[in-house]
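A.B. asks: predicted coordinates and the sequence they were generated for:
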Amino acid sequence: IRYYGIALLIFDVTQIQLFTRPGIATDNVCIAMDPTTRLAGAILLWAIEIAMQFRIYALYKRSYRVGLFNFALFLASIAAFLWVLIHNAVRQRAVIAEAIHLPLPGCPSIHSGIEWLQWVPATIFEGVLFGWALYKTLQSTVGRWQSGSSISLYATILRDNVLYFFGISCLLIFNNLMVVVRLITVQPPVQ
């Protein structure tokens, strides 16, 4: 997972650098790059979410119900992401047609309407995982306080899970808010 993130960063930097050169950013390349970069980022997130599901599964003592619920929600999150991605990709050519021939370096950044919705399923799923970890952390903390025991490795792992899920959830919410606020303040209303 760590190396895929580095590869994704190299891909993004290479894309940005190459697309500033004349002749590289053609109509078809610009239309294909938006879904490609979104899918590449989603694959990284999904890989991390799979690892986090196993952590939640382990925290709940390999509960079949918890694992099945999280897996079903994970698949629903992927399906919703792909639906929005395909919806936007189909509309991308028509939306970008007016701006693609402007003398701009690279591909124009045009919004097709509902791309802000793309990361909402992942945000909801991360929120559910955060809830699972938070519940176990609270349960463990209350038990520790009642027994007067010290911090164990289990408690440390719980704390790290909560911090991870809280951080990722905040980033996803912040990402969605940035897109929505930009759409409201910058784009003229669609007629």
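C.D. replies: Structure received.
A.B. asks: drop to CA atoms for contacts and neighbour counts, all remaining ones
C.D. replies: Will do.
A.B. asks: residue contacts, F165?
C.D. replies: 126-127, 129-130, 133 (CA atoms under 8 Å, 6 or more residues apart in numbering).
A.B. asks: which pLDDT value goes with it?
C.D. replies: Looking at F165, its pLDDT is 74.
A.B. asks: distance check, Y164 against A89.
C.D. replies: 31 Å (CA to CA, to the nearest Å).
A.B. asks: no, scratch that, I was asking about T26
C.D. replies: 16 Å.
A.B. asks: looking at those two now, which is surrounded by more residues?
C.D. replies: Ranked by neighbour count (other CA atoms under 10 Å), T26 and A89 place A89 first, with 20 against 15.
A.B. asks: shouldn't the more buried one be in contact with P35?
C.D. replies: Yes - assessed by CA atoms under 8 Å, A89 is found in contact with P35 at 6.5 Å.
A.B. asks: quick one: the helices in the chain?
C.D. replies: 2-19, 27-59, 64-96, 120-147, 153-186 (DSSP state H).
A.B. asks: what about those helices, which gets the closest to C107?
C.D. replies: Nearest of the helices of the chain to C107, taken as CA to CA: helix 27-59 at 5.4 Å.
A.B. asks: my guess is R93 contacts I31. True?
C.D. replies: Yes - between R93 and I31 there is a contact under CA under 8 Å: 6.3 Å.
A.B. asks: so between these two, which is more surrounded?
C.D. replies: Using other CA under 10 Å, the more surrounded residue of R93 and I31 is I31, with 23 against 17.
A.B. asks: ok, that one - contacts?
C.D. replies: So I31 contacts 89, 92-93, 96 (CA under 8 Å, 6+ apart).
A.B. asks: got it, and L68?
C.D. replies: Applying CA under 8 Å, 6+ apart, no residues contact L68.
A.B. asks: any idea how far it lies from N161?
C.D. replies: For L68, the distance to N161 - CA to CA - is 19 Å.
A.B. asks: I'd guessed L129 sits against I56; true?
C.D. replies: Yes - applying CA under 8 Å as the test, L129 and I56 come out as touching, 7.3 Å apart.
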